[in-house]
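Enquirer: give me coordinates for this.
(one chain, ligands or ions: 1)
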Amino acid sequence: MDDPTTTAPATAPALEAEGLGRRYRGGWALRGCDVTVPAGRICGVVGPNGAGKSTLLSLAAGQLAPTEGRVRVLGATAGAPELRARVAYVPQDKPLYPGLTVAETLRMGRELNPVWDEAVAQQIAEQGELNPKARIGSLSGGQRTRVCLALALGKLPDLLLLDEPMADLDPLARHQLMGTLMSVAAERGAGIVLSSHILPELDGVIDHLLLVQRGRVRLAGDLEEILDGHRLLTGPAAQGSSLAAETVVEQRVSGRRAVALVRTDEPVDGDWESERPSLEDLLLGYLRASADTSADNPNRVKPDPNGVAA
Ligand SMILES: Nc1ncnc2c1ncn2[C@@H]1O[C@H](COP(=O)(O)OP(=O)(O)OP(=O)(O)O)[C@@H](O)[C@H]1O
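Expert: Model prediction:
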């Protein structure tokens, strides 16, 4: 029988989780996670603070062990030795040796990785005008992020797991680095799974979505299919109750107009202008619905009864 830790066919999904869960002392951070992210996708992991995004990425990187279920990455059990060269993980806290210089850090990347693209690593460092002699401990948060991304992309991974990679970067750096990430992914067919709170930064970039809320994966799949399965409705405020409650993700009134995000690909009855939501409309609708704990909105989607408090 094949050893499950070593079977890694080229077309294996980037990420496959089955019944995946992780519990800390305070409770479940992630539970019942069943997702598949196909190879070569740019997958956005989105959700409010404390939703379980970092936990999922860390489990995929093999840095955390599941409490229950399992997670495979590129066909092998997360954390398997053979994945070391194929997967680059940049956690939120961007761990680097503060006493090393930028040049020493990149040299370490070159020496420790069996495959290394010096040109890509140098390009990322130079774009940020990083002084090669500067100590890591003297760099700003955004500069350290740049060094981490140089290390991650320099090793030419098949999969990048990036936890809030752009959070510390200024808009120009964000734009540049996102462009570099996308071109590396396109040229090499590498997959990227990245968590982010910066919703506009994901638009036009991701083609797969995981929305995590309260430790549960609430939406998962091909982004176009998810967007096609939702409508953003605008209409007179008075007719809000005409919508089938079970389809309403979120609804709010702005002046005399009601705006509703509904889960349907069918025409909607009533005096509604209907359009396909943008990624930001979709995500904000779900995030607002989750944040809205008021009882005075009968149409809001109720929290998943099996959901776990994060
Ligand atoms: N080491 C830990 N010990 C105990 N609880 C933890 C630990 N790490 C995370 N948690 C808890 O697990 C839950 C999920 O945390 P996680 O960091 O995965 O969320 P997140 O979606 O990445 O949040 P953020 O967007 O704020 O980074 C939170 O309730 C958090 O408090």
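
Enquirer: that's a strand at Arg231, yeah?
Expert: Yes: the assignment for Arg231 by DSSP: H, G, I helix; E, B strand; the rest coil puts it in a strand.

Enquirer: which strand residues bridge it?
Expert: Note on Arg231: beta-bridge partners Val262, judged by DSSP bridges.

Enquirer: same check, this time on the one 5 residues further on
Expert: Counting by DSSP bridges, Pro236 forms beta bridges with Arg257.

Enquirer: any idea how far it lies from the ligand?
Expert: 37 Å (Cβ to the nearest ligand atom, to the nearest Å). C-beta coordinates here come from the backbone N, C-alpha and C atoms, glycine included.

Enquirer: quick check: domain ranges of the protein?
Expert: 15-224, 229-291 (automatic domain parsing).

Enquirer: tell me the contacts of the nearest residue to Pro38 once chain neighbours are set aside?
Expert: In space, and not counting its chain neighbours, Pro38 is closest to Pro13: 5.4 Å by Cβ to Cβ, 6 or more residues apart in numbering. Pro13 makes contact with Thr36, Val37, Pro38, Ala39, Arg72, Leu74, Gly75, according to Cβ atoms under 8 Å, 6 or more residues apart in numbering.

Enquirer: list the contacts of the third one.
Expert: For Pro38, the residues meeting the contact criterion (Cβ under 8 Å, 6+ apart) are Pro13, Ala14, His208.

Enquirer: between those, which is closest to Asn113?
Expert: Among the contacts of Pro38, Ala14 lies closest to Asn113 (Cβ to Cβ), at 19.7 Å.

Enquirer: what's the distance between that closest one and Asp117?
Expert: Distance from Ala14 to Asp117, counting by Cβ to Cβ, to the nearest Å: 20 Å.

Enquirer: between these two, which is the more surrounded one?
Expert: Neighbours were counted for Ala14 and for Asp117 using other Cβ atoms under 10 Å; Ala14 has more, 26 against 17.
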